[in-house]
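Undergrad: Got a predicted model here, sequence first, then my questions.
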Amino acid sequence: MEKRRFALIGTGNRGTTMWGKELLAGWREHVDLVAIVEKNSLRGERARTMIGSNAPIYEDIDAMLAEVKPDLVIVCTPDHTHDAIVVRALEAGIDVITEKPMTTAVDKIRRIIDAEKRTGRRVDVSFNYRYAPTAAKIKELLNSGEIGRVSSVDFHWYLNTKHGADYFRRWHAYTENSGSLFVHKATHHFDLLNWYLDSDPEAVTSFADLQNYGRKGPFRGPRCKLCPHTHECDYYLDLEADPFLDTLYEEPSKIDGYFRDGCVFREDIDIPDTMVVSIRYRNNVHVSYSLNTFQPIEGHHLAFNGTKGRIEIRQYEAQPWEVKKEDEILLIRNFPNGKEAVERIIVPHSSGGHYGGDDRMRNMIFKPDMQDRLHQRAGTRAGAMSVLCGIAALQSSRTGKVVNLADLMPELANDDSPNSRRVE
């Protein structure tokens, strides 16, 4: 089988590991890395060494497309830059995989969708959470009708003070870059809801605030490495203690001025750190969602309430106590009718990122003849709907009004075609 010749665009953590070193290590018979695009030449060189490749490094995307002519580009740059890169690749006749979120604004969504339709090429959005074994099992239970018609969902995501704080150290801390965590982080969660429910969000209302980071902090410094408060700050990051981050970011910061250990209390941070959202779906399912970014635990609580029962899970990803390396799904029936009233379904954690979700997604995209029976592979429409939900939530939190997605992008929200939510 002929290998897909791909170019990696962006060499941050995700690009260097998930779509660089790991992809070549596990799928080398299917892919060949033929170019790396990185504006910061030193970071590009160091990432190439970490990946274990001799692919040429380009600082200019157009030059790479013209000279290398890859079959595929994988986009791992900051969120607000995705649309320009995706459109350039599509117009050059090249398929695209883009990291989530697909993009950050309505006009950018339109650019991508229009280019995909115009060129006939394909865009995959890397919604790896769909592929995690536990998520797949929940989808199977919902599809089987075990709890009847779903009426409402409770979905609450917790980021601990290591993971959550990291978004406020980096470029994500500014709405113009990430669309806020309503878009950057919650795009995963909104997509899961859209996929689980096989429906579109219709109306969104939310509250959000900055309660812990940014201007709410007790002190601040230029960056962790130069801060006079290192001994009293709970969020101090010793970059030198992490060889991977130090190698990839510290010396390269002299070229582009991007510090990986930015102060989480910078006064110009403009994204919220505490968010709650209510969503009404087109199939009349009501959702209560929240995202908290400075908890002592990491993980989520998810429950589907149906006419015949309830599916519930509390997944622990990090916490100050030991847990088994497995998830327990509770299937609770209103009317057992000879079945167990409470069925405990154990799903062991798989190896690989996101409990095996990363590996399964790469298998789906790169291995031939993979069957997508749960419709896990996500395209531009899935990417767009999750971003639109985040945009609506941010807008509602700032205006105090209910936001209808049809008002943001009527041509997408009113699409009733049979396969409008799926990549076939």
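TA: Received, thanks. Quick caveat, the model's predicted, so the values are computed rather than measured. Residues are numbered from 1 along each chain as shown.
Undergrad: What lies in contact with stretch 352-371?
TA: Residues from elsewhere that reach stretch 352-371 (C-beta atoms under 8 Å, 6 or more residues apart in numbering): 1, 4, 18, 22-23, 26-27, 30-31, 97, 124, 126-135, 327, 349-351, 372, 376-377. C-beta here means a position set from N, CA and C on the backbone, and glycine is covered the same way.
Undergrad: again, 6 Å this time
TA: Residues outside stretch 352-371 that contact it (C-beta atoms under 6 Å, 6 or more residues apart in numbering): 27, 30, 124, 128-129, 131-133, 349-350, 377.
Undergrad: Stretch 41-48 too?
TA: Contacts with stretch 41-48, where a contact means C-beta under 6 Å, 6+ apart, come from 11, 16, 36, 38, 57, 247-248, 252, 255.
Undergrad: helix or strand for residue 350, which one?
TA: Of the helices and strands defined by DSSP states H and E, none includes residue 350.
Undergrad: Tell me how many other residues crowd it.
TA: 18 (other C-beta atoms under 10 Å).
Undergrad: same thing with residue 203?
TA: If we define neighbours as other C-beta under 10 Å, then residue 203 has 17 of them.
Undergrad: Name whatever forms a beta bridge with it.
TA: Applying DSSP bridges to residue 203 gives these bridge partners: residue 280, residue 404.
Undergrad: Was I right to think it contacts residue 280?
TA: Yes. Using C-beta atoms under 6 Å, residue 203 makes contact with residue 280 at a distance of 4.5 Å.
Undergrad: related to what we said a few turns ago, buried ones among the contacts of stretch 41-48?
TA: 11, 16, 36, 38, 57, 247-248, 252 (16 or more other C-beta atoms under 10 Å).
Undergrad: quick one: contacts for the residue nearest to residue 216 when sequence neighbours are not counted?
TA: Spatial nearest neighbour of residue 216, excluding adjacent residues (C-beta to C-beta, 6 or more residues apart in numbering): residue 210 at 6.0 Å. Contacts of residue 210 were listed using C-beta under 6 Å, 6+ apart, and they are 216, 272-273.
Undergrad: before we move on, back to that, now, which of the contacts of stretch 41-48 lie within strands?
TA: With strands taken from DSSP state E, the overlap with these comprises 36, 57.
Undergrad: low pLDDT regions in the chain?
TA: Applying pLDDT under 70 to the chain flags residues 1, 416-424.
Undergrad: Would you mind measuring from residue 394 to residue 338?
TA: Per C-beta to C-beta, to the nearest Å, residue 394 is found 48 Å from residue 338.
Undergrad: would a markdown table of the contacts of stretch 41-48 with distance to residue 69 be doable?
TA: Below are these laid out as a markdown table (distance: C-beta to C-beta, whole Å):
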| residue | distance to residue 69 |
| --- | --- |
| 11 | 21 |
| 16 | 23 |
| 36 | 15 |
| 38 | 19 |
| 57 | 17 |
| 247 | 31 |
| 248 | 28 |
| 252 | 28 |
| 255 | 28 |
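Undergrad: which among the contacts of stretch 41-48 gets closest to residue 287?
TA: Closest approach between these and residue 287, by C-beta to C-beta: residue 16, at 34.9 Å.
Undergrad: these two touch, right, residue 102 and residue 125?
TA: Yes. In terms of C-beta under 6 Å, residue 102 counts as a neighbour of residue 125; the distance is 5.0 Å.
Undergrad: More neighbours: the two, which one.
TA: residue 102 (34 against 27).
Undergrad: Who are the contact partners of that one?
TA: Applying C-beta under 6 Å, 6+ apart to residue 102 gives the contacts 125, 383, 387.
Undergrad: Can you tell me which of those residues end up in helices?
TA: Under the assignment DSSP state H, the contacts of residue 102 contribute 383, 387 to helices.
Undergrad: would JSON lines of the contacts of residue 102 with distance to residue 81 be doable?
TA: Shown next, in JSON lines, are these (distance: C-beta to C-beta, whole Å):
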{"residue": "125", "distance to residue 81": "15"}
{"residue": "383", "distance to residue 81": "15"}
{"residue": "387", "distance to residue 81": "14"}
